[in-house]
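Student: just the structure for this:
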Amino acid sequence: MILPLFLIAALAYGAASFAYGADAGEPSDAGSPGERAIRRRARPLLASGAIAHLVLIGLQCVDGDHPLKNIFLATSFGALVTSFGYLMLSRGRNLDALGIVVAPVGLGGLALGVVFSSVSAATLPTGSGIASAHVAFASAGLAGFTLAAAVAGLYLVTERRLRRKQFRPGTRTMSLTGLDRLHHRLVLLVAPVFTLAIVTGVLWILQAGGPHMLRGRLFEIVAAAIAWGASVGLLVMRAAWGSRGRQSAWLTISAFLAVVLIVVSYGVRG
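Tutor: Okay, the predicted model is just below:
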């Protein structure tokens, strides 16, 4: 049953990627009726892929391949949360440009979770409540940073086009003010979640083997500190000095890249 679900989810994610990206950068009223019909199917296709992905993860959990097992299964779960998060955010908003990013992220996470489901990655022993909480917060933090970085990237692209007068009327995207506001709200949500992920992760390490094990995780700790410092610094700068726009967007992208490095590090250890 897992293989058919994988194929269904992969095809739906792939079709959504095509539908979102087929007319990227074109005005919302451009294209033939057939092209506009493809554009309208992008969101239902992504939702179908996410639902199939969710059922697949449920079946994997029944077989013992739960998100706590290794970093690849946890990444698959994070990609699923990203897909559903985008579907919620995009209701009533012109965020089709983000779908071009989110659909491939869902497909990539799905593939990692299926292909490497049996890999015994170099993770700490599971079985404690702290371990479960850490994976949950880390997956939510990864999803949140992915969405926030995607919005930040869209802000930078939109702002650059406006400065160069390359922005065509009718192009489907939010205003700079709307993107900046959405970006700030995403960071407001993800910063405390990621803080909890760091705290529970350190407690997990200490519980598993004591303070000496922290030295073996120095790279992940430094990358997590960079991500946390960038996200919290962004919020402090905005509250204290009203900082926003390009500077805030680049800080968010830097935080996201640090989180990606943590995931890659765990994958390499595996």
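
Student: buried stuff in the one helix or strand residue 248 maps to?
Tutor: Element membership for residue 248, per DSSP states H and E: helix 246-269. Residues of helix 246-269 classed as buried by neighbour count (16 or more other C-beta atoms under 10 Å): 248-249, 251-256, 258-263, 265-267. C-beta: built from backbone N, CA, C; applies to glycine.

Student: distance between it and the chain's centre?
Tutor: For helix 246-269, the separation from the chain centroid amounts to 11 Å (computed by C-alpha atoms, centre = their mean, to the nearest Å).

Student: that one packs against which elements?
Tutor: Where contact means 3 or more C-beta pairs under 8 Å, 6 or more residues apart in numbering; DSSP states H and E, helix 246-269 is packed against helix 71-89, helix 129-163, helix 176-209, helix 218-241.

Student: tell me the SS of residue 165?
Tutor: With DSSP: H, G, I helix; E, B strand; the rest coil as the basis, residue 165 sits in coil.

Student: what about the stretch 101-250 of the chain, any weak spots by pLDDT?
Tutor: Per-residue confidence for the stretch 101-250 of the chain (pLDDT under 70) gives these ranges: 119-128, 166-173, 208-210, 212-213, 216.

Student: can you do 80?
Tutor: 118-129, 131, 163-174, 205-217, 242-244 (pLDDT under 80).

Student: output stretch 248-256 as PDB, nothing but the C-alphas.
Tutor: The C-alpha trace of stretch 248-256 is given here as PDB (Å, rounded to 0.1, in the frame of the first residue of the first chain):
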ATOM      1  CA  SER A 248      14.900  41.300   7.600                       C
ATOM      2  CA  ALA A 249      14.400  39.100   4.500                       C
ATOM      3  CA  TRP A 250      18.100  38.300   4.300                       C
ATOM      4  CA  LEU A 251      18.300  37.600   8.000                       C
ATOM      5  CA  THR A 252      15.500  35.100   7.600                       C
ATOM      6  CA  ILE A 253      17.100  33.400   4.700                       C
ATOM      7  CA  SER A 254      20.400  33.200   6.700                       C
ATOM      8  CA  ALA A 255      18.500  31.500   9.500                       C
ATOM      9  CA  PHE A 256      16.800  29.100   7.100                       C
END
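
Student: can you list contacts of that stretch?
Tutor: Identification of contacts with stretch 248-256 by C-beta atoms under 8 Å, 6 or more residues apart in numbering yields 145-146, 148-149, 152-153, 155-156, 180, 183-184, 187, 226-228, 230-231, 233-234, 237-238.

Student: in PyMOL, how would I select just the buried ones from the residues you listed?
Tutor: Of the contacts of stretch 248-256, the buried ones go into a single PyMOL selection, burial set by 16+ other C-beta under 10 Å:
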select buried, resi 145+146+148+149+152+153+155+156+180+183+184+187+226+227+228+230+231+233+234+238
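
Student: re the thing from before, dump the helices and strands packed on helix 246-269 to a markdown table, plus distance to residue 56.
Tutor: Shown next, in a markdown table, are these (distance: least, C-beta to C-beta, whole Å):
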| stretch | distance to residue 56 |
| --- | --- |
| helix 71-89 | 9 |
| helix 129-163 | 16 |
| helix 176-209 | 24 |
| helix 218-241 | 28 |
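
Student: ok, which of the ones you listed comes nearest residue 106?
Tutor: In terms of C-beta to C-beta, the element of the helices and strands packed on helix 246-269 nearest to residue 106 is helix 71-89, at 4.3 Å.

Student: ok, back up a step: return the most buried member of the helices and strands packed on helix 246-269.
Tutor: Each of the helices and strands packed on helix 246-269 was scored by mean neighbour count; the highest is helix 71-89, a mean of 23, by mean count of other C-beta atoms under 10 Å.

Student: tell me the helices and strands packed up against that one.
Tutor: Partner elements for helix 71-89 (3+ C-beta pairs under 8 Å, 6+ apart): helix 33-62, helix 96-115, helix 129-163, helix 246-269.
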